[in-house]
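A.B. asks: my questions concern the predicted model and sequence given below.
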Amino acid sequence: DQQVKQNSPSLSVQEGRISILNCDYTNSMFDYFLWYKKYPAEGPTFLISISSIKDKNEDGRFTVFLNKSAKHLSLHIVPSQPGDSAVYFCASGGSNYKLTFGKGTLLTVNP
Amino acid sequence: DTAVSQTPKYLVTQMGNDKSIKCEQNLGHDTMYWYKQDSKKFLKIMFSYNNKELIINETVPNRFSPKSPDKAHLNLHINSLELGDSAVYFCASSPGLAGVLFADTQYFGPGTRLTVL
């Protein structure tokens, strides 16, 4: 039962353009959401998060949007840089003390 | 000055053996976790300890036994290894409990790739 879904296994964009990574969730009890970035042979690193009481959170080139009614969140990276090439995991959490991760989306930013 | 470290990074062993993976964090965090990333790339929580107390114990075979000697360490011991245990195991830590006061940002170790032959 996949409670967090990242339906695009991969995404390729040109340097300088916008990257949009999408995530859907099914559990309405989730009340916070996070994005993690992972390079090969390394552990995931925290990127940005959003509480369910907000619909947008911005940190530099990274913005996360949350649409609670659609149970959908997205990560926008603008402008995209080659160093952003990595696997991006969406994760959701609630009051049960654990994070549920999606399967990840491999982003490739071409120079 | 590594924040979350795991040893070993790679572990190749035969079916039926017993092995341990060690994890240490120097961030002063109260909570530590073990995750398994299987061949389908899902990161799934296995265990979580808060101040040495077991908080989360997902549906994991009891061949897997976590041990937290202090809040900076969370080791994972696996008995009678099976082929299906082959995966990358990640340790993580966070300042508090996931879901509590948003103190849930988890810091991950580099992972241990376990291969069972």
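C.D. replies: In hand now; what should we look at?
A.B. asks: who touches the closest residue to residue B:50 other than its chain neighbours in this structure?
C.D. replies: Nearest residue to residue B:50, sequence neighbours excluded (Cβ to Cβ, 6 or more residues apart in numbering or on different chains): residue B:31, at 4.6 Å. All C-beta spots, glycine's among them, are computed from the backbone N, C-alpha and C. When contacts are counted by Cβ atoms under 8 Å, 6 or more residues apart in numbering or on different chains, residue B:31 touches B:48-51, B:55, B:93-98.
A.B. asks: residue B:31 bridge partners, please.
C.D. replies: residue B:50, residue B:94 (DSSP bridges).
A.B. asks: contact partners for the residue of chain A found nearest chain B?
C.D. replies: Among all residues of chain A, residue A:43 sits closest to chain B, at 3.1 Å; criterion: Cβ to the nearest Cβ. Shown in contact with residue A:43 (Cβ under 8 Å, 6+ apart): B:4, B:90, B:92, B:108-111.
A.B. asks: how does it look with 6 Å?
C.D. replies: Going by Cβ atoms under 6 Å, 6 or more residues apart in numbering or on different chains, residue A:43 touches B:90, B:108-111.
A.B. asks: partner residues bridging the residue nearest to it when sequence neighbours are not counted?
C.D. replies: Once flanking residues are discounted, residue A:43 sits nearest to residue B:108: 3.1 Å by Cβ to Cβ, 6+ apart. Under DSSP bridges, the beta-bridge partners of residue B:108 are residue B:92.
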